[in-house]
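> Make a model of this:
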Amino acid sequence: MALSMIESLFSQASYTSQEEIDRICQGVLENLYAPDKTNECMNQLRQLYFILQASHTEPCLPRNMISTLVNMVSSMDHDKTKECLLCEQILAELLPREQEDLGSDFYPSSNYQNATSSANCFPLYLMQGNKKFCLADVIPHAVRWLSSGKEDFNVQRQTFCFLVSLQVLHNRLVNEETMKTVNSTASDWLMNASLYQLPNPYTINPFKKDQAPVVNEVDGTPSRNFFTVLNIGQYYTNDQFLNIYSFSMLYKWLYHSQTSTEEASDMASKSAHVFKSLVDKSIDYCFRILDQCERKPKVPSDIELQNCCLLEVVNVLDMICKIEPGHVARVFQEVRRLYQRLMHELDKPRLLIPVLQFFLNHGKSVEHDPQEAYTLFFHKLLTQCYLDPAFSFDTITFIKDNLETLCHNTNVLSTYFPNILKMLAWNPRSYLADFEEILPALMSPNTAIEVFHMLLDLPCVTVALEITERCKKSEVQTLSTEAEPTSSLSAFQSALYRPMFNFFTRVEGGHGDTINRLSLFHNILGDMNQHPRVLVCSQVVPVLLRIWFDVVLDDASSDFLSHLIPVLLERTAFLYNIPGYQGDVRKVLAENVVHLLKKYPEILYDQASEIKDFLISPRNISGREEFFANLVWCVGELCSVRHDNRCTAETITRFFDTLEVLTYELSGMSSANLKEEISNPSKIICMLMSSISKLASKCQDLIPRSILLLTKVAKQQQTSFLDTEIKDAVVGRAQELINLLKLPNFANVVLNPDDEIETGRWHRDNTSLPITLRCVQHILS
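Residues are numbered from 1 along each chain as shown. A predicted model of the protein is given here:
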């Protein structure tokens, strides 16, 4: 109801007429400066903003209205703060615009220059962009106001924020002199803030002339060193606020400044002299914060402040070492000391991520092996904290940002992929797009099969994690092995099934691809197959399976794919029973078994016994009709000496024997109306007849047996209980193949055309099949 009402309001606002907009603007202009019309004016401004938000086209506002909005923002009257902020939001919907629409006082390059008014317009300048050289005109004034030190606190703060935002959004406009000015100013703000608190501005006591107290450290002791963001005071001076602002934006400034200098050819020398003062003082500032973070906070809530500062400090130090590699050795010792402390404080897992990033970026410079840190993080911390959404997000972002390095220079991803996939199993909807990118890096020649099994059983991993968390909360005890479990929860409490749960929630790979009694385990988990998280997880598996197959088909060797065939044959039968899940997964397997065998047809010979054992039993068809039919097609199409010299007449005959027995059995079941286990037996029979005919055309000694089989199948189907239309199609297909096999030479050409048919040569060459058939037709007619 609420959503429909909101949609209705948006629809009405989007079709507001120009006359109505003009009426609202006129009302704003009349009421804006009327003291008794404040509420009416606010309502009109809100209405105008809503119309601008909802409109599909840009409404036309009078120039005097736009000029008035600009004047309101530039003045930022304390008595009309709400109106000024609302005017700024309205202008955000209108900018960029032509200069003449904004009024003469919009640009600081005009004759009338006021630092306070221009500073209030800095957000508008950024929205206007460099249209008509707006930003190019503003920058010199901003630099002058920042470097002079004569402007008031708000102007300096707004100017600094503007220049940092300019570096982020338009770094090409920031020249070397501007960077030097910002670096010098930020350095002074970081190191020269007062140590004394601001006296209470809300009390006036003319008889008390005591000196203001010194700010405290987080543990409550008076500070004896320079001021940082971690110093605690009741009231702060303006220079202390500037200190806090400069540190909060230091990383953004360094990051985007470094990016801009990389675009210059003399990047190294330019960085050295542009950033020298800021880098040196930033390192001292960060080291001071590291020391402060070792103190025990007097107020427990300050622990979060310490943690946030640690995150920022490590990121800043990492960026500094990228800008000035000469500082790596000095900085590394402090970061290493921080890591040693965090090893014993595992309640702060997110703090280890920037430390890992630092080791990854600069470990080689000091010959440091980060394997110990990887093991701590991916083995111990990830096992404990995968349920934490913030930790999971940071971990996945870290993996994505360093995917190439982690994949090629370490074995972390291929070793701890079960732990990494737990984050997907617990948050399948949130991280699907991320794991589409990460999944190929989890695969190696030794673990790809295990990753494949884990993807197929990912819904079971979700169930195991759900049950594990429930049992942690209830603190259940392990039951006797004699108690037969009746639910997932009771199975987890059973000593007989607990190892299965432990396998699916394992930390490292390499402990076996799958488990015995998998179908029994799937049945035990049946009561969880409608759980929302499990259902969503089952929907992401087919997507990831396609990516997995794309990777192995592009990069895997024929030996690997040969060993994959028995796994595919087995796993088509063992899938967790979720509505729609089995069908979706089997469809992916059916599609890719064709791609796999077409790329390496020799696998048919290498895995002939496994394939024949699978095809000989009609029980393997039920629920897997498409996979079975595709495999039958591959046997008939690819079992040829043209694809593999080892496919002799003897090999073809063995495959023929298997398909022949199966065809007789299926035809008999179909004619006796025993089709309740197979959804579409006629399709399988037609595929079998085609494959048998192809094999017979390659080994002409089998043609009499093939014709006999086709004749019997046709007779059986004529008396079957199939629908008339289906029956006629099967009988017609059998008769076509019989007629074709009676002409062995033509049968081989028609049923087993040369690969060059796909190149188009067959439509031009005089020896091609189409032209030959036209000649035969002409002779017969």
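> the longest helix in this structure is where?
helix 267-293 (DSSP state H).
> average pLDDT across that one?
Here helix 267-293 scores 82 as its mean pLDDT.
> Mind listing what's buried along it?
By neighbour count on 16 or more other CB atoms under 10 Å, the buried set for helix 267-293 is 270-271, 274-275, 277-279, 281-283, 285-286, 288-290, 292-293. The C-beta positions use only the backbone N, C-alpha and C, and glycine is treated the same way.
> Against which helices or strands is it packed?
Where contact means 3 or more CB pairs under 8 Å, 6 or more residues apart in numbering; DSSP states H and E, helix 267-293 is packed against helix 176-191, helix 250-262, helix 302-323, helix 328-342.
> Run the chain-centre distance for the shortest one.
Between the mean C-alpha location of helix 250-262 and the chain-wide mean there is a distance of 26 Å, by CA atoms, centre = their mean, to the nearest Å.
> for it, packing partners?
Using 3+ CB pairs under 8 Å, 6+ apart, helix 250-262 sits against helix 153-169, helix 176-191, helix 267-293, helix 302-323.
> Now the last one: average pLDDT?
On average, the pLDDT along helix 302-323 is 93.
> Next: the shortest one.
With pLDDT averaged residue by residue, helix 176-191 scores 92.
> then that helix to CSV, C-alphas only?
Only the C-alpha atoms of helix 176-191 are listed here, as CSV (Å, rounded to 0.1, in the frame of the first residue of the first chain):
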residue,chain,number,x,y,z
GLU,A,176,52.4,20.5,-8.8
GLU,A,177,52.2,23.9,-7.0
THR,A,178,48.7,23.1,-5.8
MET,A,179,49.9,19.7,-4.5
LYS,A,180,52.8,21.3,-2.7
THR,A,181,50.5,23.8,-1.0
VAL,A,182,48.1,21.2,0.2
ASN,A,183,51.0,18.9,1.3
SER,A,184,52.6,21.8,3.3
THR,A,185,49.3,22.8,4.9
ALA,A,186,48.3,19.3,5.8
SER,A,187,51.8,18.7,7.3
ASP,A,188,51.5,21.8,9.5
TRP,A,189,48.0,20.8,10.6
LEU,A,190,49.1,17.3,11.5
MET,A,191,52.1,18.3,13.6
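> That helix to helix 267-293, inter-axis angle?
Orientation of helix 176-191 against helix 267-293 (axes from the mean of the first three to the mean of the last three CA atoms, to 10 degrees) gives an angle of 10 degrees.
> Could you pull out the buried residues of helix 176-191?
Applying 16+ other CB under 10 Å to helix 176-191 flags 178-183, 185-191 as buried.
> what do you get for stretch 155-173?
155-168, 173.
> try stretch 341-357
By 16+ other CB under 10 Å, the buried positions in stretch 341-357 come out as 342, 349-357.
> do stretch 242-256 as well
242-247, 249-251, 253-256.
> tell me the mean pLDDT over that stretch?
Mean predicted confidence for stretch 242-256 is 93.
> so where does the spatially most central residue of the chain fall, helix or strand?
In the chain, the centroid-proximal residue (CA atoms, centre = their mean) is Asp434; its distance is 1.7 Å. Taking DSSP states H and E as the criterion, Asp434 maps to helix 428-442.
> Heading C-terminal from that helix, find the next helix or strand.
Later in the chain than helix 428-442, the nearest helix or strand by DSSP H and E is helix 448-456.
> Which other helices and strands does the helix or strand that that following helix is followed by contact?
Per DSSP H and E, the first helix or strand lying C-terminal to helix 448-456 is helix 458-474. Where contact means 3+ CB pairs under 8 Å, 6+ apart, helix 458-474 is packed against helix 417-426, helix 488-492, helix 498-504, helix 532-555.
> Give me whichever of those is most buried.
helix 417-426 (a mean of 24; mean count of other CB atoms under 10 Å).
> can you pull out the helices in the stretch 51-200 of the chain?
Taking DSSP state H, counting those that start in this stretch as the criterion, the stretch 51-200 of the chain carries its helices at 63-75, 81-94, 99-102, 115-120, 122-128, 134-148, 153-169, 176-191.
> which of the helices and strands packed on helix 458-474 has the lowest average pLDDT?
Sorting the helices and strands packed on helix 458-474 by mean pLDDT places helix 488-492 lowest, at a mean of 87.
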